[in-house]
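> Okay, sequence plus prediction incoming.
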Amino acid sequence: MQLLIDNIGELVTNVAGSGEGGPLGIRRRAALLIEEGRVAWIGPARYAPAADRRIDVDGAAVLPGFVDSHAHLVFAGDRAAEFAARMAGQRYTGGGIRTTVAATRAADDETLRGTVARLRAEAMRQGTTTIEIKSGYGLSVADEARSLRIAAEFTTETTFLGAHVVPPEYADRPDDYVGLVCGPMLRAALPYARWIDVFCERGAFDADHARAILTVGQAAGLGVRVHANQLGPGPGVQLGVELGAASVDHCTHLDDLDVEALAMSETVATLLPGAEFSTRSPYPDARRLLDAGVTVALATDCNPGSSYTSSMPFCIALAVRELGMTPAEAVWAATAGGARALRRDDLGVLRPGAPADLSILAAPSHLHLAYRPGVPLISQVLHNGVPQCQP
Ligand code: NIG
Ligand code: FE
């Protein structure tokens with residue numbers, strides 16, 4: 001079965017140098033042929049081959065599907081009241097994580113699966129074709145294992161976050177909890193997880209605990225990612241770089257040495273502006289990172305506490321307005337950047353052989369994603385060549 005996307009006004013390929021727009025590799029008046037779920041051909045619309053099916057997008061922009069490399073979708077309940085309290089002046093400390101842990105433990109599998117399915121579908125409608133999903137609201141051997149088992153029904157990019165916070169029953173013996181995470185919990189997580197993550201922050205896990213957990217996870221074959229420098233300066237970024245993490249996430253409070261370490265490494269800095277929006281916190285400085293040569297990704301951090309959005313277009317708009325990114329940088333960071341953060345060379349790019357994961361915009365250019373914030377511009381999404389919604 002072939003499908004031709006025809007009359008594309010602006011095709012963002014993310015193949016640097018293959019068109020205009022530097023890293024975005026923009027081709028104008030283009031067509032794209034899909035065969036067996038993959039991109040088979042890209043070229044000028046006037047040379048478009050015949051195909052079994054054809055979608056005429058009438059001059060619209062087409063871009064790679066968003067790669068949301070940071071989301072916490074396995075949870076129960078919501079924390080709208082906590083959000084309201086913050087908007088009335090209260091600070092975010094991460095303390096509410098324990099509220100969601102209690103609700104998640106009390107929920108049955110069907111409830112958790114239903115929430116992941118709903119949020120996955122919500123993200124897809126907004127152009128996200130790949131999403132990473134973390135555990136981290138179970139915090140017992142059984143509840144972390146089932147969170148990951150459910151996450152793995154929806155994505156291959158699953159992350160074990162048993163070290164999100166120390167759960168209440170271990171409050172006065174955090175060393176014992178770290179031992180549990182490194183031993184039985186990790187063993188139970190391994191069949192379902194590709195990554196390991198730690199919330200390395202004051203009030204969560206310090207550098208020694210984080211290093212111990214990440215090192216043992218890495219030795220067991222998991223890739224490393226770190227929640228780092230979100231609420232204040234700290235050791236998370238340096239630790240991530242030291243361990244060769246694929247990504248350090250948040251990066252809100254960085255010093256010059258953090259930026260330098262990132263610039264000299266392969267580690268991506270993943271920025272999550274939905275979290276600063278929803279916690280009314282200062283935004284990270286993407287401009288400083290980009291100017292230093294750091295690879296930047298954008299992700300939603302979708303979770304019921306600090307960032308209850310599944311919308312990558314919203315994060316792009318915030319990144320442009322508040323983080324100092326250009327629209328082109330933000331779109332790259334939300335697609336190819338996310339793919340780098342997940343070490344997935346095959347994603348975030350449209351070239352022959354790549355999965356046909358793409359969005360058709362109700363707009364002539366990628367610029368409109370930031371220029372028209374809050375407007376539903378994603379008119380159709382294809383995942384592995386299959387249309388997910390009709391315009
Ligand atoms: O990435 N920072 C730690 N974890 C989440 C917040 C989780 C929550 O508040 O429930 C985050 O922002
Ligand atoms: Fe997070």
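Sure, I can see it. Ligands and ions are numbered 1, 2, ... in the order given.

> C-alpha only now, for contacts and for neighbours.
Fine.

> contacts for the helix ranked longest in the chain?
Taking DSSP state H as the criterion, the chain has its longest helix at helix 109-125. Outside helix 109-125, the residues that touch it by CA atoms under 8 Å, 6 or more residues apart in numbering are 73-76, 104, 131, 146, 150-151, 154, 310-312, 378, 380-381, 388-389.

> Can you select the buried ones among those for me in PyMOL?
To isolate the buried subset of those in PyMOL, counting by 16 or more other CA atoms under 10 Å, use the following:
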select buried, resi 73+74+75+76+104+131+146+150+151+154+310+311+312+378+380+381+388
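
> Out of the contacts of helix 109-125, list just those in helices.
104, 146, 150, 151, 312.

> residues contacting the nearest residue to residue 337 once chain neighbours are set aside?
Spatially, and ignoring its direct neighbours in sequence, residue 337 is nearest to residue 297 (4.3 Å; CA to CA, 6 or more residues apart in numbering). Residues near residue 297 by CA under 8 Å, 6+ apart: 268-271, 332-338, 340-341.

> What helix or strand is residue 297 located in?
Using DSSP states H and E, residue 297 sits in strand 296-298.

> what mean pLDDT does that strand have?
The predicted model assigns strand 296-298 a mean pLDDT of 99.

> picking that back up, flag every buried residue along the longest helix of the chain.
111, 112, 113, 115, 116, 117, 119, 120, 121, 123, 124, 125.

> again with stretch 370-380
370, 377, 378, 379, 380.

> where does residue 356 sit relative to residue 219, distance-wise?
According to CA to CA, to the nearest Å, residue 356 and residue 219 sit 34 Å apart.

> Same check on residue 258?
25 Å.

> so residue 159 makes contact with residue 195?
Yes - the criterion here is CA atoms under 8 Å, and residue 159 meets it with residue 195 at 4.4 Å.

> which one of residue 356 and residue 219 has more residues nearby?
Comparing residue 356 with residue 219 by other CA atoms under 10 Å, the one with more neighbours is residue 356, at 29 against 9.

> Can you give me every residue that contacts the residue in the stretch 51-200 of the chain positioned nearest to ligand 1?
The minimum distance from the stretch 51-200 of the chain to ligand 1, using CA to the nearest ligand atom, falls at residue 97 (4.1 Å). With contacts defined as CA under 8 Å, 6+ apart, the neighbours of residue 97 are 137, 165, 305.

> 7 Å - rerun?
residue 305 (CA atoms under 7 Å, 6 or more residues apart in numbering).

> Flag every residue of the stretch 101-250 of the chain that's near ligand 1.
By CA under 6 Å from any ligand atom, the residues of the stretch 101-250 of the chain that approach ligand 1 are residue 199.

> Show me where the stretch 101-250 of the chain has its helices.
109-125, 141-151, 174-180, 186-189, 207-219, 236-242 (DSSP state H, counting those that start in this stretch).

> which residues are contacting the second one?
The reference is to helix 141-151. Against helix 141-151 from outside (CA under 7 Å, 6+ apart): 74, 105, 113, 133, 135-136, 138, 158, 162, 184-185, 188-189, 192-193.

> which two of those lie the greatest distance from each other?
113 and 184 (23.8 Å; CA to CA).

> The strand holding residue 297 vs ligand 1: in contact?
No - counting by CA under 6 Å from any ligand atom, no contacts exist between strand 296-298 and ligand 1, the nearest distance being 12.9 Å.

> Give me the angle between the longest helix of the chain and helix 141-151.
40 degrees (axes from the mean of the first three to the mean of the last three CA atoms, to 10 degrees).

> Just the mean pLDDT for helix 109-125, thanks.
Average pLDDT, helix 109-125: 98.

> swap in stretch 159-169?
Mean predicted confidence for stretch 159-169 is 98.

> how far is that stretch from where the chain is centred?
20 Å (CA atoms, centre = their mean, to the nearest Å).

> Determine how far the last residue of it lies from the first.
This stretch, stretch 159-169, spans 23 Å end to end (CA to CA).

> Other residues contacting it?
Applying CA under 7 Å, 6+ apart, the external contacts of stretch 159-169 come out as 98, 133-136, 139, 144, 174, 177, 181, 189, 193-199, 204.

> hmm, 8 Å instead?
97-98, 132-140, 144, 148, 174, 177-178, 181, 185-186, 189, 193-199, 203-205, 210, 213.

> from those residues, which ones fall inside strands?
133, 134, 195, 196, 197, 198, 199 (DSSP state E).

> Having no further points to raise, I will conclude here.
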